[in-house]
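structure of the sequence below:
(one chain, ligands or ions: 2)
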Amino acid sequence: MASNSSAAVSPDTLCIDQPDDWHLHFRDGDMLAMTVPATARVFKRAIVMPNLAPPVTTVAQAEAYRQRILANVPAGTDFEPLMALYLTQDTTAQDVREAANNPNIIGYKLYPAGATTNSSAGVRAVDAMGPVFEAMEELGVPLLVHGEVTEPEIDIFDREKVFIDRYLAPITERYGRLKVVLEHITTKDAVDFVADAHDLVAATLTPQHILMNRNDLLVGGVHVHNYCLPVLKRRSHQEALQQAAISGNAKFFLGTDSAPHVQAKKETACGCAGCFSAFTAIELYAEAFSQLGALDKLEGFASHFGADFYGRPRNTQKINLQRVGWQAPETVSHGGETWVPYWAGKQLQWQVVG
Ligand code: NCD
Ligand code: ZN
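Numbering: from 1, shown residues only. Ligands and ions are numbered 1, 2, ... in the order given. Next up is the predicted model:
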């Protein structure tokens with residue numbers, strides 16, 4: 001067991017400090033009645049991504065969105081949404097100052113324009129964002145990054161590495177005190193980059209990128225519910241992500257990237273990217289860590305390292321997991337719509353109790 005871990009692991013029970021989800025998508029409107037309770041069931045805090053349509057670009061929009069989220073937290077549940085603002089080409093240093101003064105805003109999310117769902121308003125010229133990055137560095141506002149280039153000539157499996165080489169390495173070298181989170185990393189290149197970069201550079205890891213590789217997307221047919229961005233990579237990359245997750249290196253922490261799209265928008269000719277994992281999130285990580293023989297490393301990854309990175313207190317409540325074989329739901333329904341979650345119908349070894 002890690003020396004700073006308070007986790008109690010027996011063969012059949014696991015008690016850890018309450019975890020946080022440092023990257024997810026709640027969407028908006030009526031869907032919040034489904035997505036918010038699903039996450040608040042287990043997590044104390046979550047960073048809520050701003051890629052709504054239209055995107056959440058201002059502090060006022062984030063505050064209003066936060067109130068809509070809070071209105072859907074079940075009574076008696078203590079849950080804190082942390083808001084990411086959507087960085088655009090027009091974001092100014094003055095905007096950063098306003099964001100820095102609001103404790104509910106965790107940072108800015110950089111989407112390269114066209115990289116993923118609702119990213120068309122994202123950044124077109126990263127090189128022109130210097131004054132904004134300087135203000136973020138000076139004011140201690142973290143930069144959360146979707147790390148993929150979008151140039152059509154770059155192969156989709158290389159887009160994360162090219163983004164790191166072209167944009168992220170120069171940013172982290174130039175702004176040595178800027179907190180940077182490379183979100184939902186998918187490659188050994190990203191693991192190595194983050195491990196070698198300065199101390200304020202970290203990364204989130206999703207359950208799907210730890211548990212699966214591109215065979216799970218493409219062998220025997222196209223498995224649309226395993227399709228997300230950045231896309232699953234080859235097995236050797238998956239193994240590097242697994243080792244990062246269980247390494248005890250505090251630069252690597254939990255961010256589910258739970259991203260619901262209704263069944264009809266996944267199971268179609270041009271299916272949306274995103275894996276909806278909120279209903280089984282911590283159980284999926286427990287599954288992965290258990291498979292890797294590293295359950296004692298789950299608590300640091302899920303409950304400590306992200307809070308430490310963002311300078312927030314560690315949670316004082318606990319959650320309990322029990323080893324009981326159970327089947328992840330095939331579908332979830334709400335308001336007349338149906339979603340097929342990630343890992344639908346498959347077995348899980350651990351379940352949250354009490
Ligand atoms: C996310 C979504 O659907 O909003 N999709 C995904 O595949 N991860 C966007 C994102 O985080 O890239
Ligand atoms: Zn995301």
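
from here on, contacts and neighbour counts on C-alpha atoms
Fine.

so how far is residue 146 from the residue in the stretch 251-354 of the chain that ligand 1 sits nearest to?
Nearest residue of the stretch 251-354 of the chain to ligand 1: residue 274, at 3.4 Å (CA to the nearest ligand atom). Here the distance between residue 274 and residue 146 works out to 13 Å (CA to CA, to the nearest Å).

swap in residue 164?
10 Å.

surely residue 8 is in contact with residue 15?
Yes. Using CA atoms under 8 Å, residue 8 is in contact with residue 15, at 5.2 Å.

these two: which is more packed in?
Using other CA atoms under 10 Å as the criterion, residue 8 and residue 15 rank with residue 15 on top: 18 against 15.

hmm, the more buried one is touching residue 303, no?
No. Residue 15 is beyond contact range of residue 303, at 11.4 Å (criterion: CA under 8 Å).

now stretch 285-293: mean pLDDT?
Stretch 285-293 carries an average pLDDT of 98.

let me fix that: stretch 169-182
98.

can you pull the buried residues of it?
171-172, 175, 177-182 (16 or more other CA atoms under 10 Å).

same deal with stretch 300-314?
Buried residues in stretch 300-314 (16+ other CA under 10 Å): 300-307, 309-310, 314.

what of stretch 99-118?
99-100, 104-118.

go on, stretch 124-136?
Those buried within stretch 124-136 under the rule 16+ other CA under 10 Å are 124, 126, 129, 132-136.

from start to finish, how long is that stretch in a straight line?
With CA to CA, one end of stretch 124-136 sits 19 Å from the other.

do the same with stretch 66-74
Using CA to CA, the two ends of stretch 66-74 sit 15 Å apart.

and if you look at stretch 310-329?
33 Å.

chain center to that stretch: distance?
16 Å (CA atoms, centre = their mean, to the nearest Å).

buried sites along that stretch?
310, 314-315, 320-323, 328-329.

these into CSV, with extra columns for distance to ligand 1?
Converted to CSV, those look like this (distance: CA to the nearest ligand atom, whole Å):
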residue, distance to ligand 1
310, 19
314, 25
315, 25
320, 28
321, 27
322, 29
323, 29
328, 20
329, 20
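
could you list which of the residues you listed belong to helices?
Secondary structure defined by DSSP state H assigns residue 310 of those to helices.

the buried residues of stretch 310-329 in strands, which ones?
When DSSP state E is applied, the buried residues of stretch 310-329 are split such that 320-323 fall in strands.

following element in sequence after the strand or helix carrying residue 65, please.
Using DSSP states H and E, the element containing residue 65 is helix 59-70. Of the helices and strands lying after helix 59-70 in sequence (DSSP H and E), the nearest is strand 80-86.

distance between that following strand and the chain's centre?
That offset, for strand 80-86, works out to 12 Å (CA atoms, centre = their mean).
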